[in-house]
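Colleague: requesting a structural model of the entry that follows:
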Amino acid sequence: MKTLKNHQIYYDAECPICQAYTQGFVKSGMLERNGRLAYQDIPVSQCPNWDPQRAVNEIALVNTQTGEITYGIKSLFKILSHSFPIFKPLFSAKPFIWIMSKFYAFISYNRRVIIPVKPETFAYQPSFKIHYRIGYILFTSLGTGFILTHYVPLMNGLISLGNPYREYVICSGQVFFQAFIILSLAKEKIWSYLGNMTTISFAGALLLTPMIGLNQVYPILPWINAIYFMGVVGLMVLEHIRRTKILKLGWVLTLTWVLYRIILLFIILKIQ
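Modeller: I've put the predicted structure just below:
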């Protein structure tokens, strides 16, 4: 594997995702041992030509000899194409660059709700792009609904199957329900909270997928699947409490988040 020499990538020390993959570049030999540096630790004199806010949004890769700077997905492709020349034509194709740049932006602009930071101490923070946040909320809500639609039949006899679109409606309804609550409490934090909330729901749904796969191989009793489901819900409640503390939102939103689910469960059991 070829090492990209005389280059340094400026990563976000407050972002576990950024820390992990840049450390991977160094450990794998794609970058030199000193090939990564947290932008929070960079003195202005070291790289006077960089755009700090852009570097926060799109990771910067600096040629330490020429001072040339690339940002975002192009930085990653430059490292990867140097280590794996066979992929260089792909990484140079404009349609592929465009698609991957959108995917990169989708993650980058939502990384603070994927993994919240406590506290945010650096002067520059990721810019807020409402279309990426709305897209993220839609993706996680629909993804959660999709997984739940496949999990509910595993609890057959305990919970009715209902309409094929029921779980999608429930997940979407939770977003609107909680949006109404937070608008009355701290409307300036609505997009941060909704992003965190749907992340919790999607993470919980992902925890259900191993059980879905296991049931395909060896069917498990519905009450065992129900116990596993409740265990995941318990973890989600704890994570909701943790994240609302980080956002300094108190207990009300956790209570309403749980209340919404209890009301819906009562309705579902009532109409069985």
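
Colleague: for this protein, which segments count as helices?
Modeller: Taking DSSP state H, the helices of the chain run over residues 16-27, 52-57, 73-83, 88-92, 94-108, 111-114, 130-151, 166-186, 190-217, 222-246, 252-270.

Colleague: of those, which is nearest residue 7?
Modeller: Between residue 7 and those, the shortest gap by CB to CB is with helix 73-83, which sits at 7.6 Å. All C-beta spots, glycine's among them, are computed from the backbone N, C-alpha and C.

Colleague: any idea how far residue 107 is from the nearest residue to residue 16 once chain neighbours are set aside?
Modeller: Of all residues beyond its chain neighbours, the one nearest residue 16 is residue 115 (5.3 Å), with distances taken as CB to CB, 6 or more residues apart in numbering. Residue 115 sits 11 Å away from residue 107 when distances are taken as CB to CB, to the nearest Å.

Colleague: need the helices of the chain in TSV (columns: mean pLDDT and distance to residue 122).
Modeller: Written out in TSV, the entries for the helices of the chain read as follows (pLDDT from 0 to 100; distance: least, CB to CB, whole Å):
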stretch	mean pLDDT	distance to residue 122
helix 16-27	90	12
helix 52-57	88	8
helix 73-83	92	19
helix 88-92	91	30
helix 94-108	95	15
helix 111-114	94	12
helix 130-151	96	20
helix 166-186	94	23
helix 190-217	96	17
helix 222-246	96	16
helix 252-270	86	27
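
Colleague: turn the ones you listed into CSV, including mean neighbour count and distance to residue 6.
Modeller: CSV is the format used below for the helices of the chain (neighbours: other CB atoms under 10 Å; distance: least, CB to CB, whole Å):
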stretch, mean neighbour count, distance to residue 6
helix 16-27, 16, 14
helix 52-57, 18, 19
helix 73-83, 19, 11
helix 88-92, 14, 19
helix 94-108, 14, 24
helix 111-114, 20, 28
helix 130-151, 18, 33
helix 166-186, 16, 47
helix 190-217, 18, 38
helix 222-246, 15, 39
helix 252-270, 14, 49
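
Colleague: for residue 124, which of these is the nearest?
Modeller: Put simply, out of these the one that sits nearest residue 124 is helix 52-57, at 4.6 Å, with distance taken as CB to CB.

Colleague: any residues touching that closest one, and which ones?
Modeller: When contacts are defined by CB atoms under 8 Å, 6 or more residues apart in numbering, helix 52-57 is touched by residues 10, 12, 39, 60, 71-72, 105, 108-109, 122, 124-127.

Colleague: returning to that earlier point: distance to residue 43 added to the helices of the chain, as TSV?
Modeller: What follows is those, written out as TSV (distance: least, CB to CB, whole Å):
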stretch	distance to residue 43
helix 16-27	19
helix 52-57	12
helix 73-83	21
helix 88-92	32
helix 94-108	24
helix 111-114	25
helix 130-151	31
helix 166-186	36
helix 190-217	30
helix 222-246	29
helix 252-270	40
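
Colleague: between the ones you listed, which one is closest to residue 4.
Modeller: Among these, the nearest to residue 4 by CB to CB is helix 73-83 (4.5 Å).

Colleague: quick check: closest non-adjacent residue to residue 191.
Modeller: Using CB to CB, 6+ apart, the closest residue to residue 191 is residue 133 (5.1 Å).

Colleague: just checking, that neighbour touches residue 196?
Modeller: No: taking contact to mean CB atoms under 8 Å, the distance of 11.0 Å between residue 133 and residue 196 leaves them out of contact.

Colleague: which neighbours do these two have in common?
Modeller: Common neighbours of residue 133 and residue 196, using CB under 8 Å, 6+ apart, are residue 113.

Colleague: for residue 17, what are its contacts?
Modeller: If a contact means CB under 8 Å, 6+ apart, then residue 17 has 107, 111, 114, 115 as its contacts.
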